[in-house]
Each structure stands twice: as C-alpha cells, then as structure tokens.
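A.B. asks: fold the following and give me the result.
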Amino acid sequence: MKRTGFGGSWTEDKLRIVRAYLIAYRTIFTGNEKAKFLRTIYVDAFAHTGQRTSRGEMIVQEPLFSAEDEPQLQAFFKGSVRNALELDSPFDHYVFIEKNQIAFRELEKTVSEYPLRSTETLLGDANEVLSRWCAQTDWKRNRAVVFLDPFGMQVEWPLLETLAKTKGIDLWMLFPVSTVLRTLPNAGEPPKEWAERLTKTFGTEDWKNEFYSTQESITLFEDEETLYRDADIERVQAFVVSRLTEIFVGVSPKPMILKNS
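C.D. replies: The predicted model follows:
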C-alpha cells in the first residue's frame, strides 16, 4: 500500500479509501446471486496502541511512523474499526486481533458499542491467532477481507502462505519498507538477528542477492570482496510483489506507497 502524505487529511482520506473498498466488496456478495450464500468476514489483525519501543529493542520492532505522527495514526486505526462496523451493508462477521492487553481492552470497549454486529475479539500474536483462525474456518462457505498493518516486521511469511492457501481471502497489507531499509547496512551484512528477521519476513534468503552486490577491491596484499547495498524503496517494493505473486493468485503490480512526510 502507498501513502502519499501524512498531513492533516491523512486519516480522512485513507478511511474513505478503505470504506469505498469495503462497500464495493460487500456489493459483490449482495448483488451476485451465486455469491449470496457465502458468509463475509472482516478481519483486522493488528490494533495499534501508539506505544514506541525502547531504544534497547531491535530496530525491526520499531514503528513505521514517528512520534509526532502517532495521534493521527491512532485516529486512523480507531476510525478503521468503526468504519468497518458502521457500513450500511455490514459484513456477516467481524474478527479483531490484538496482542497488547491494554490495547485489547480498549478494542473490546469500542466493539461493544456495536451490539447488533456479529463480532469476536482475539488476544494474541497475529501470526499464531490468525493462522489458527484460518485453519478453523470453512472456506467453502466463507470469504474474508484481511488487513495486516503492523508497526514493524512482525508478519512472518508462513502466515501469508496460510492466508493464500485458503483461496478465500482478499488481503490488504501495509508492508514496512522503511523498516526493511533500516535493517540493511550500506556495507556488509546485517547483524544476525536482523538477517533472521528479514528471512522470516520474506520466507527466503534470496533478499541477500536481491539487495546486495559484491564489489572487489585490490589491496597491497590480496583482493578483497565487500558487500554493498543496492536496495532502495522501489527495489524492496518489487521484491515484495514478486514474492507475493508466488503464493497469491492476484497481486497489485503497483502498490500504494505511504509516506510520513
């Protein structure tokens, strides 16, 4: 997904985009005789608290946006829950997942304001909870829209494979390109922990050849090879798209880019 600006109208603009998509999605199932028997589900796999990580934590866990952006970002995520629940043609069921207990309690309060909606709130890590939920869902009778919008590189590749295998999910994912770039040193390999996180995120070690090239330098004693980073936003984006096309039937070739400028 692409964000073309994080100014005063960011929240309103993005909520309108999401709402328009959800309305169009629901129209397919209410207006198509063959699709009417299918149950539609809305899944929001990450509820954001606005809490920032301590400086001692790994960079891969950092949020995607700066501290000054967080009030608007939180307004968006809170608004997105209501946005989905307040559709004139609502989904048949709603699933909200949150790992943080404090945020989970706030989420439950918000959801409780809509007693006429069929909802469930699940506490736990999205990789585990959502994978388990997919396995327990009958995909012959159900279809879902799933939103993955983590602060950092928390989404692991096996989860994406699980979602793809259902063949019943439309996925919207906010991919942390800026976080990926921060884990890639300009020269030399990333630290072991960062490299392992990148492999879990992409489901392959091919990112090493994709984002780095080897340059040979001549010294007084022997030739030396050094790794240099080739990656930029466009290159990471292209690699993500290529990876997703390996498991999903249809992937947008030109995803939106969201910037906190």
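A.B. asks: longest helix in this structure, please.
C.D. replies: helix 10-31 (DSSP state H).
A.B. asks: ok now that helix, how far from the chain's centre?
C.D. replies: Put simply, helix 10-31 sits 18 Å off its chain's centre (CA atoms, centre = their mean, to the nearest Å).
A.B. asks: kindly report the same for stretch 232-248.
C.D. replies: 14 Å.
A.B. asks: what residues does that stretch touch?
C.D. replies: The contact list for stretch 232-248 (CB atoms under 8 Å, 6 or more residues apart in numbering) reads 157, 160-161, 164-165, 171, 175, 177-178, 180-181, 202-204, 207, 210-211, 251-253, 255, 257. (Glycine included, C-beta is placed from N, CA and C.)
A.B. asks: how near is residue 198 to residue 81?
C.D. replies: Separation of residue 198 from residue 81 (CB to CB, to the nearest Å) stands at 31 Å.
A.B. asks: should've said residue 43
C.D. replies: 12 Å.
A.B. asks: more crowded one of these two?
C.D. replies: residue 43 (25 against 20; other CB atoms under 10 Å).
A.B. asks: what secondary structure does that one sit in?
C.D. replies: strand (DSSP: H, G, I helix; E, B strand; the rest coil).
A.B. asks: the stretch 151-261 of the chain: strands as residue ranges?
C.D. replies: 169-173, 212-218, 223-229 (DSSP state E, counting those that start in this stretch).
A.B. asks: pLDDT (mean, whole number) over the last one?
C.D. replies: Pointing back at strand 223-229 there. Average pLDDT, strand 223-229: 81.
A.B. asks: roughly how far out does that strand sit from the chain middle?
C.D. replies: 33 Å.
A.B. asks: make CSV out of the strands of the stretch 151-261 of the chain and add mean neighbour count.
C.D. replies: Formatted as CSV, the strands of the stretch 151-261 of the chain follow (neighbours: other CB atoms under 10 Å):
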stretch, mean neighbour count
strand 169-173, 17
strand 212-218, 11
strand 223-229, 12
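A.B. asks: pipe those into a markdown table and attach distance to residue 142 per row.
C.D. replies: Below are the strands of the stretch 151-261 of the chain laid out as a markdown table (distance: least, CB to CB, whole Å):
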| stretch | distance to residue 142 |
| --- | --- |
| strand 169-173 | 9 |
| strand 212-218 | 42 |
| strand 223-229 | 43 |
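A.B. asks: what stretches of the stretch 51-200 of the chain score poorly on pLDDT?
C.D. replies: 51-78 (pLDDT under 70).
A.B. asks: just the helices in it please.
C.D. replies: Taking DSSP state H, counting those that start in this stretch, the helices of the stretch 51-200 of the chain run over residues 70-85, 101-112, 126-136, 157-166, 177-182, 192-202.
A.B. asks: and the ones you listed: which comes nearest residue 147?
C.D. replies: Taking CB to CB, helix 70-85 is the member of the helices of the stretch 51-200 of the chain nearest to residue 147, at 7.7 Å.
A.B. asks: list the contacts for residue 189?
C.D. replies: Residue 189 neighbours (CB under 8 Å, 6+ apart): 195, 208, 212, 227.
A.B. asks: so who does the last one touch?
C.D. replies: It stands for residue 227. 187-189, 212-214 are the contacts of residue 227 under CB under 8 Å, 6+ apart.
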